[in-house]
Every structure is written in C-alpha cells, then in structure tokens.
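S.K.: Predicted model follows, preceded by the sequence.
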Amino acid sequence: MQITEIYKSLQGESTHAGLPCVFVRLTGCNLRCSWCDSEYTFQGGRKMTSEEVWDEVKRLSPNGGLVEITGGEPMLQERELVPLMQRLLETGYRLLLETSGERPLEHVPGEVIKIVDVKCPNSGEANTFHTENLETLNPHDEVKFVLSGRTDYEFARDFTLRHRLAERVNAVLFSPAFRKDATGTRDSSHCLLDPQELAEWMLADDVPARLGLQLHKYIWDPAVKGV
Ligand code: SF4
C-alpha cells in the first residue's frame, strides 16, 4: 500500500471528534477539491505492506481504540485496504473510513463506520458522489458536506432531504470549509463560510443535520500537518 503518514491525534470532525485516534493516511486522490488541505497526499508516501501498517497501528495504540482510514482517497487502494480493515476489526479496533463516495463502497466491511464526504458545487468536484453508495450506508455511518457558501448549503440541505439521510445514518454533518493556506490564529476567521451564518441558515430551515467544526484546527495551528 502507498501510505503518506500514520500518526496518533484527536479525531477532529465527526461524532467521534475529541477521541484519541490513530490516523492511517493513504496516498493518492482522484479529485481536486478547491479547498483541499491534504494536497501533500496526492503524491509520494512510502510503500508499506498491510502487515507493516498493522504493526504501526498496534505500536501507537496497543490496547485497541479508534482508527481512521483516510487520505487522499483510501478506496483507490481497495484491494489491499479491505483485508487490512478486516484484520484491524478482528484485532478489536473501531474503524472509521473517510471517503468521498466516488468509488464503490459495497465491499467495505459492515462494521466499518463510513464518513462519506459528499462534494458540493464550490469544491469543483460536484456530482462525483456515486449515488448507488446510498444503498451501502448503515445506521452507524455519517454523511458530511463541506460548505463554502450559500450554494453549497442549499445543495447539502436539498440532498439531505431528498435522500432522507437523517433516517439512514447516525449523523449528517454540515461543516464550513477552512481556508487551505490558514495559519497562525486558531479561530473561525479562517472559515470560508462563517459558522454563525451557517448556524442561522440551519435553524431557519430546521434542517436535520449537525454543524461540525474541524476541532483540530482550533487546537493546533491550522497549518500543522500530522495532527
Ligand atoms: S477528496 Fe479529499 S483529499 Fe481528495 S482533493 Fe478532495 S479534499 Fe483533497
């Protein structure tokens, strides 16, 4: 497998936010979201066997706990990733998988909690979500929308209602996009959409979603990687 980094930090943007978590970040992505803060994953990394990845997870978190598989787009390495996920589950880890849902998700083990990041228009990657993946969603999964303006918000709101997401998954997350060159202060001035404005829209529409902030960007300098 091609791996950019494996590290331990706090989970930052889901209903698991704030929990200690080992991140396994796979190299490579087939999308190019305008606000992407993970461009360093597009190339490079190092080749590791599933065994080496498993060993590193075990070293960082020997007593089980939460592991997030992320990227890049991890499902581009599905052939090796699925057996790795099965092994981690068998070892007792709870697994999160962050994916855009552009690749088929039918072979992801049912115990894995999928966090599916459906791309909105301002990302430049609208319509990349593979609609058939809605059928793979389990009640413990989460669907996330990263928003940078009113157009994105209306897309997310309408998608949520049209596909009755709140009835299908554990959480629907609306998260303001963060400026990718943000550095220094750790506050919401770096958001491309003011969280207060988003909160007011959500309340006005009574949308069945939860506002999410990227916790790690308020704990560490937003420019810091590997946290
Ligand atoms: S899918 Fe994720 S890693 Fe890929 S370009 Fe979009 S934000 Fe970046």
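M.R.: Noted; the coordinates are in hand. Residues are numbered from 1 along each chain as shown.
S.K.: Would you mark the buried spots in the top strand by length along the chain?
M.R.: Identified as the longest strand of the chain according to DSSP state E is strand 2-10. For strand 2-10, burial by neighbour count (16 or more other Cβ atoms under 10 Å) applies to 2-6, 8, 10. Yep, even glycine has a C-beta here, placed from its N, CA and C like the rest.
S.K.: Just list what it packs against, helices and strands only.
M.R.: For strand 2-10, the packing partners by 3 or more Cβ pairs under 8 Å, 6 or more residues apart in numbering; DSSP states H and E come out as strand 20-26, strand 46-47, helix 50-60, helix 216-219.
S.K.: Direction included, what does the first one pair up with?
M.R.: Each strand pairing with strand 20-26, determined using DSSP bridges, is listed with its direction: strand 2-10 (antiparallel), strand 65-70 (parallel).
S.K.: okay, the first one in CSV with CA atoms only?
M.R.: Right, strand 2-10. Output of strand 2-10 as CSV, limited to C-alpha atoms (Å, rounded to 0.1, in the frame of the first residue of the first chain):
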residue,chain,number,x,y,z
GLN,A,2,1.1,3.6,-0.6
ILE,A,3,1.0,5.4,2.8
THR,A,4,1.5,9.2,3.4
GLU,A,5,1.6,9.0,7.2
ILE,A,6,0.4,7.1,10.3
TYR,A,7,0.1,9.1,13.5
LYS,A,8,-2.0,9.4,16.6
SER,A,9,-4.0,12.5,17.4
LEU,A,10,-7.6,13.5,18.3
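S.K.: now that strand and helix 50-60, what's the angle there?
M.R.: 20 degrees (axes from the mean of the first three to the mean of the last three Cα atoms, to 10 degrees).
S.K.: Can you tell me what sits against strand 2-10?
M.R.: Contacts with strand 2-10, where a contact means Cβ atoms under 8 Å, 6 or more residues apart in numbering, come from 17-28, 40-41, 44-48, 53, 56-57, 60-61, 71-72, 77, 215-216, 219, 225-227.
S.K.: The residue lying closest to V118 once chain neighbours are set aside: how many residues sit nearby?
M.R.: The shortest distance from V118 to any residue other than its chain neighbours is 4.7 Å, reached at F129 (Cβ to Cβ, 6 or more residues apart in numbering). Neighbours of F129 under the rule other Cβ atoms under 10 Å: 19.
S.K.: Around the ligand, which positions in the protein sit nearby?
M.R.: The chain comes close to the ligand at residues 29, 31-33, 36, 38, 41, 71-73, 100, as judged by Cβ under 6 Å from any ligand atom.
S.K.: which SSE is the residue minimising distance to the centre of the chain in?
M.R.: With distances taken as Cα atoms, centre = their mean, E98 lies nearest the centre of the chain, 3.8 Å away. Taking DSSP states H and E as the definition, E98 sits inside strand 93-99.
S.K.: what element comes up after that strand heading to the C-terminus?
M.R.: Next helix or strand after strand 93-99 toward the C-terminus (DSSP H and E): strand 113-117.
S.K.: Quick check: mean pLDDT of that following strand?
M.R.: In this model, strand 113-117 has an average pLDDT of 98.
S.K.: about what we covered before: quick one: residues contacting the residue nearest to V118.
M.R.: 100-102, 116, 118-119.
S.K.: which residues of the chain score low on pLDDT?
M.R.: In the predicted model, the chain carries no residue with pLDDT under 70.
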